[in-house]
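> structure, please.
(one chain, ligands or ions: 1)
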Amino acid sequence: MRIGCPTEIKSHEYRVGLTPNAVREAVTHGHQVMVQAGAGLGSGFTDADYTAAGAEMVDSAEEIFARSEMVVKVKEPQAVERAQLRAGQVLFTYLHLAPDPDQTRDLLDSGVTAIAYETVTDGQGGLPLLAPMSEVAGRLAPQMGAWALQKANGGRGTLMGGVPGVGPAEVVVIGGGVVGTHAARVAAGMGADVTVLDRSLPRLRYLDDVFGGRFKTRYSSGGALAELLETADLVVGAVLIPGAEAPKLVRRADLATMKPGAVLVDVAIDQGGCFETSRPTTHDDPIYTVDGIVHYCVANMPGAVARTATIALGNATLPHVLALADKGWRQACEDDPNLLAGLNTHAGHLTYYAVGRAQGIDVLSPHLALKE
Ligand SMILES: NC(=O)c1ccc[n+]([C@@H]2O[C@H](COP(=O)([O-])OP(=O)(O)OC[C@H]3O[C@@H](n4cnc5c(N)ncnc54)[C@H](O)[C@@H]3O)[C@@H](O)[C@H]2O)c1
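So this is what the prediction gives:
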């Protein structure tokens with residue numbers, strides 16, 4: 001199969017769809033891989049790295065889109081990219097179609113077979129191509145929180161781990177899923193005193209079994225949170241209610257009960273945020289202060305560590321890239337229902353029910369799409 005990997009063009013996107021290692025594997029499987037010159041630079045991969053792995057370097061994105069049977073990317077295709085997609089071509093990338101009618105319409109008009117990373121499933125009900133980015137954002141959250149706690153950034157001037165004779169920072173993590181668990185582990189590793197809140201008792205049991213002793217768990221109630229907010233130095237928002245906007249768990253009035261200079265890191269900002277005073281920020285200008293409380297609300301946190309994020313994403317996507325290339329998308333999806341769950345559009349049909357519901361568009365069952 002001819003596989004193409006263009007440079008990402010969304011603002012401040014430094015990740016790349018294929019690493020040199022992924023290229024090497026695909027070439028070993030007998031495929032031809034084209035990579036746009038410079039595509040890997042933001043993640044620290046040079047053109048020479050790709051050439052050594054067996055890629056053909058191509059100057060323009062237009063040539064990649066024109067010649068590829070499968071395009072592998074990171075972010076949803078931008079309008080100029082969507083205009084180059086066509087029927088019979090496979091697009092494998094993050095799409096997030098539900099809130100994006102323009103993109104949905106363009107993909108349907110193009111006839112492209114689009115498989116979305118974020119809807120590929122695993123056997124345990126997880127989203128394995130979303131999880132690596134949650135792991136990255138979770139581990140980054142205490143690092144950014146520690147930075148924001150520094151005096152020059154408006155923070156309280158508290159060191160996460162304290163020092164001998166001075167207690168550590170108190171960290172509260174709301175939501176003990178993928179983001180929350182990784183955030184708690186890193187915060188505890190920095191020496192902070194960490195409490196994780198969740199609404200799921202099975203999840204709290206799991207966390208206690210595995211991490212008991214390293215951090216504490218509390219059932220997430222308004223009362224427990226109010227108590228913890230009073231002494232918290234850093235609060236990480238990591239809740240998710242699938243398919244819904246994040247619940248506002250900290251209200252503006254609650255800020256007055258917190259210590260001045262305490263920090264809120266709202267990782268759930270991409271779902272609207274779980275603090276009432278959160279608004280999305282960027283890596284260029286990541287923090288702002290409301291009522292003396294510092295807020296960090298960057299919506300694409302993994303972008304700050306593009307190299308780690310690219311490699312982590314690549315580890316998760318590679319088996320699917322190889323299956324799609326080795327077998328063709330139909331056979332690969334027929335053999336693997338989890339990959340079939342990723343199918344969002346094919347030959348002008350929408351094939352993902354949640355997007356159909358969100359936008360009022362008829363959906364063709366993905367199983368029927370396999371026969372089209
Ligand atoms: N900002 C970024 O760059 C970035 C990157 C990755 C993920 N995210 C976002 O982070 C959030 C968390 O993602 P995840 O992968 O950890 O999800 P997850 O499903 O693994 O975990 C969410 C957890 O929240 C818990 N929860 C739900 N309601 C709660 C409540 N009221 N109180 C306490 N806990 C509650 C759930 O029980 C679950 O354990 C999502 O909104 C996701 O989109 C943001």
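> Thr217 is in contact with Val196, correct?
Yes: assessed by CB atoms under 8 Å, Val196 is found in contact with Thr217 at 5.2 Å. In short, each C-beta sits where N, CA and C put it, glycine included.
> got any residues that touch both of the two?
Common contact partners of Val196 and Thr217 (CB atoms under 8 Å, 6 or more residues apart in numbering): 176, 204, 207.
> next step: these restricted to helices.
Applying DSSP state H to these, the entries found in helices are 204, 207.
> ok, and of the shared contacts of Val196 and Thr217, which contact the ligand?
By CB under 6 Å from any ligand atom, the members of these lying near the ligand are Gly176.
> what about Val196 and Thr217, which has more around it?
A side-by-side neighbour count of Val196 and Thr217, using other CB atoms under 10 Å, places Val196 first with 30 against 22.
> so which helix or strand takes in the more buried one?
In the assignment (DSSP states H and E), Val196 maps to strand 193-198.
> and the stretch 201-350 of the chain, which of its residues are near the ligand?
203, 220, 238-241, 246-247, 249, 267-271, 299-302.
> phi and psi next, for the residue nearest to Thr281 when sequence neighbours are not counted.
With CB to CB, 6 or more residues apart in numbering as the criterion, Thr281 has its nearest non-adjacent residue at 4.8 Å, and that residue is Cys297. Backbone dihedrals for Cys297, given as degrees, to the nearest 10, come out at phi -140, psi 50.
> Cys297 contacts Gly272, correct?
No: look at Cys297 against Gly272 with CB under 8 Å: they stay out of range, at 10.6 Å.
> looking at those two, which one has more neighbours?
Taking other CB under 10 Å, Cys297 and Gly272 do not tie; Cys297 has more neighbours (24 against 14).
> which SS class is Phe92?
With DSSP: H, G, I helix; E, B strand; the rest coil as the basis, Phe92 sits in strand.
> just the closest residue of the stretch 101-250 of the chain to the ligand, please.
Closest contact between the stretch 101-250 of the chain and the ligand, by CB to the nearest ligand atom, is at Gly177 (1.7 Å).
> what about that residue, how many residues close to it?
Using other CB under 10 Å, Gly177 has 18 neighbouring residues.
> in this protein, which helix or strand is least confident?
Among the helices and strands of the chain, helix 353-359 carries the lowest confidence by mean pLDDT, DSSP states H and E, at a mean of 92.
> packing partners of it?
helix 101-110 (3 or more CB pairs under 8 Å, 6 or more residues apart in numbering; DSSP states H and E).
> in the helix it packs on, what counts as buried?
103-104, 106-108, 110 (16 or more other CB atoms under 10 Å).
> now stretch 41-58
Within stretch 41-58, the residues scored as buried using 16+ other CB under 10 Å are 42-43, 45, 47, 49-50, 53-56, 58.
> ok, back up a step: can I assume the residue of the stretch 101-250 of the chain closest to the ligand is in contact with Ala137?
No: applying CB under 8 Å, one finds Gly177 not in contact with Ala137, separated by 11.3 Å.
> these two touch, right, His160 and Pro142?
Not quite, residue 160 is Met, not His. Yes: applying CB under 8 Å, one finds Met160 in contact with Pro142, separated by 7.0 Å.
> pretty sure Asn344 contacts Glu118?
No: look at Asn344 against Glu118 with CB under 8 Å: they stay out of range, at 9.4 Å.
> what touches both of these two?
Common neighbours of Asn344 and Glu118 (CB under 8 Å, 6+ apart) are Leu95.
> out of these two, which sits in the busier spot?
Set Asn344 next to Glu118 and count neighbours by other CB under 10 Å: Asn344 wins out with 29 against 17.
> pull the distance from the host helix or strand of the more buried one to the chain's centre.
Asn344 belongs to strand 343-346 when elements are defined using DSSP H and E. Centroid displacement of strand 343-346 relative to its chain, using CA atoms, centre = their mean, to the nearest Å, is 20 Å.
> burial count for the closest residue to the ligand within the stretch 251-372 of the chain?
As assessed by CB to the nearest ligand atom, the ligand sits closest to Met301 within the stretch 251-372 of the chain, at 3.4 Å. Using other CB under 10 Å, Met301 is surrounded by 27 other residues.
> ok, now which ones touch the nearest residue to it once chain neighbours are set aside?
Among residues not flanking Met301 along the chain, Ala137 sits closest, at 4.2 Å (CB to CB, 6+ apart). Contacts for Ala137 were tallied using CB under 8 Å, 6+ apart; they are 179, 267, 301-302.
> by neighbour count, which of those residues wins?
Counting by other CB under 10 Å, top hit in the contacts of Ala137: Val267 with 32 neighbours.
> how far away is that one from Val239?
Val267 sits 9 Å away from Val239, going by CB to CB, to the nearest Å.
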